[in-house]
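K.L.:
Okay, here's the prediction I keep looking at, along with the sequence it came from:
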Amino acid sequence: MTSPLEQKKIKIAGPSVVTANRTWDGIVVYRTAAMGWSADLSEAAIVRNSDEAKALLAESVADDVGAIGPYIAPVQIGADGKVQPGNLREQIRRTGVTIGQPAQV
């Protein structure tokens with residue numbers, strides 16, 4: 001599977017954001033319109049076409065101090081304007097593990 005950072009053509013099929021992991025604690029973060037990073041998905045810059053996505057991703061990759069591994073991820077925007085992850089992978093990244101943790105002995 002090709003890494004999103006190595007893709008020559010970026011295709012998006014709806015609203016998308018750039019997401020990564022914060023360097024000092026691994027928390028999922030989203031690129032903002034102010035060119036920063038936020039752990040709050042509602043603050044993410046939303047792109048709607050491939051050119052916007054490429055530009056935001058390139059700028060995000062250059063900022064390897066704040067976050068690592070940026071890539072484009074789909075989002076859904078509800079009728080109320082609330083932004084939600086657009087696929088299962090992003091839902092899991094946002095909420096954490098999907099199984100119970102073993103009991104500590």
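P.N.:
Structure's in. What do you need? Numbers count the residues shown, from 1 in each chain.
K.L.:
In the longest strand seen in the chain, which residues are buried?
P.N.:
Counting by DSSP state E, the longest strand found in the chain is strand 67-77. Across strand 67-77, burial judged by 16 or more other CB atoms under 10 Å covers 67, 70, 71, 72, 73, 75. For the C-beta atoms, the positions are set from N, CA and C on the backbone; glycine is no exception.
K.L.:
List the contacts of the fourth one.
P.N.:
Which is residue 72. 4, 10, 12, 16, 17, 18, 19, 47, 53, 56, 57 (CB atoms under 8 Å, 6 or more residues apart in numbering).
K.L.:
Narrow the residues you listed to those in strands?
P.N.:
16, 17, 18, 19.
K.L.:
List only buried entries from the residues you listed.
P.N.:
16, 17, 18, 19.
K.L.:
Please name the spatially closest residue to the last one (chain neighbours excluded).
P.N.:
This points to residue 19. residue 73 (4.8 Å; CB to CB, 6 or more residues apart in numbering).
K.L.:
any idea how far residue 99 is from the one you found?
P.N.:
22 Å (CB to CB, to the nearest Å).
K.L.:
buried residues in the longest helix along the chain?
P.N.:
For the chain, the longest helix by residue count, based on DSSP state H, is helix 50-62. Along helix 50-62, these residues count as buried under the neighbour rule (16+ other CB under 10 Å): 52, 53, 54, 56, 57, 60, 61.
K.L.:
Equivalent analysis for stretch 87-103, please.
P.N.:
residue 90.
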